[in-house]
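[1] Just to be clear, the model below is a prediction. Sequence and coordinates:
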Amino acid sequence: MSTIASLRLARGSDNRQLLIRLLVVTAVMFGFGFALVPFYEKICQVTGLRSILQPDHVGAVNTQVDYTRSVAIEFDTNTRGLPWTFRPLEGHVSVHPGEMQQAVFEIRNTSTRPVTGQAIPSYGPALAADYFRKVECFCFTQQTLQPGESRQVPVVFLVDPGLPSSIGTITLSFTFFEVNGAQAPAGSTTPLTAVPGKVRS
């Protein structure tokens with residue numbers, strides 16, 4: 001066998017090994033994306049942090065509206081590993097601490113297959129998570145969209161009047177992840193209660 005042929009064989013073998021490694025890394029990263037939602041929920045259970053699938057405890061704070069100050073709530077939306085568009089109908093709102101408010105988001109399945117997603121919330125600054133109360137939220141249950149379907153989903157919330165005065169702006173961020181093997185029936189949605197007079201369009 002000639003030297004050139006030997007080099008070609010060796011190069012072909014190296015390319016195949018590199019391709020296999022890249023495929024393994026891709027599969028691991030893809031699997032990690034699917035595992036994030038249950039992993040996050042398990043951490044909440046073990047550490048005692050608030051579950052993303054349960055309403056936040058409001059207690060009596062919803063009757064204690066502080067009209068002397070306002071807090072700007074900015075909305076941020078992201079998707080990871082699913083063919084959806086996801087956006088707030090309004091990028092930000094201004095609320096009084098203790099005042100019940102509703103924000104509406106739009107999700108759309110741009111693929112040709114049914115897709116189930118789960119939203120995970122996060123806050124900026126991180127301290128705001130202790131004062132932000134979600135009474136109703138699309139993030140409490142998985143959302144299934146049929147091919148081409150779009151849906152408007154609300155979150156009903158209030159800011160605890162105990163929020164430190166140094167915090168004038170809170171960023172509420174939602175990231176949707178695809179949930180594999182847990183698709184709900186066609187047209188399913190989270191039953192949410194609207195707050196009269198509080199929808200901003």
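    Looks like it arrived, so ask away.

[2] worst-scoring helix or strand of this protein, pLDDT-wise?
    The helix or strand of the chain with the poorest confidence is helix 3-47; it has a mean of 59 (mean pLDDT, DSSP states H and E).

[3] buried ones in whichever helix or strand comes after it?
    For helix 3-47, the following helix or strand on the C-terminal side (DSSP states H and E) is strand 71-80. Using 16 or more other Cβ atoms under 10 Å as the test for burial, strand 71-80 gives 71, 73, 75, 77, 79. The C-beta positions use only the backbone N, C-alpha and C, and glycine is treated the same way.

[4] Redo those as JSON lines? Include distance to residue 161 and pLDDT.
    Formatted as JSON lines, these follow (distance: Cβ to Cβ, whole Å; pLDDT from 0 to 100):
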{"residue": "71", "distance to residue 161": "10", "pLDDT": "97"}
{"residue": "73", "distance to residue 161": "15", "pLDDT": "97"}
{"residue": "75", "distance to residue 161": "21", "pLDDT": "97"}
{"residue": "77", "distance to residue 161": "27", "pLDDT": "97"}
{"residue": "79", "distance to residue 161": "33", "pLDDT": "95"}
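
[5] biggest separation within these, which pair?
    71 and 79 (26.7 Å; Cβ to Cβ).

[6] How is the chain divided into domains?
    1-49, 61-178 (automatic domain parsing).

[7] ok, the closest residue to residue 128 other than its chain neighbours to residue 18 distance?
    In space, and not counting its chain neighbours, residue 128 is closest to residue 170: 4.4 Å by Cβ to Cβ, 6 or more residues apart in numbering. Separation of residue 170 from residue 18 (Cβ to Cβ, to the nearest Å) stands at 46 Å.
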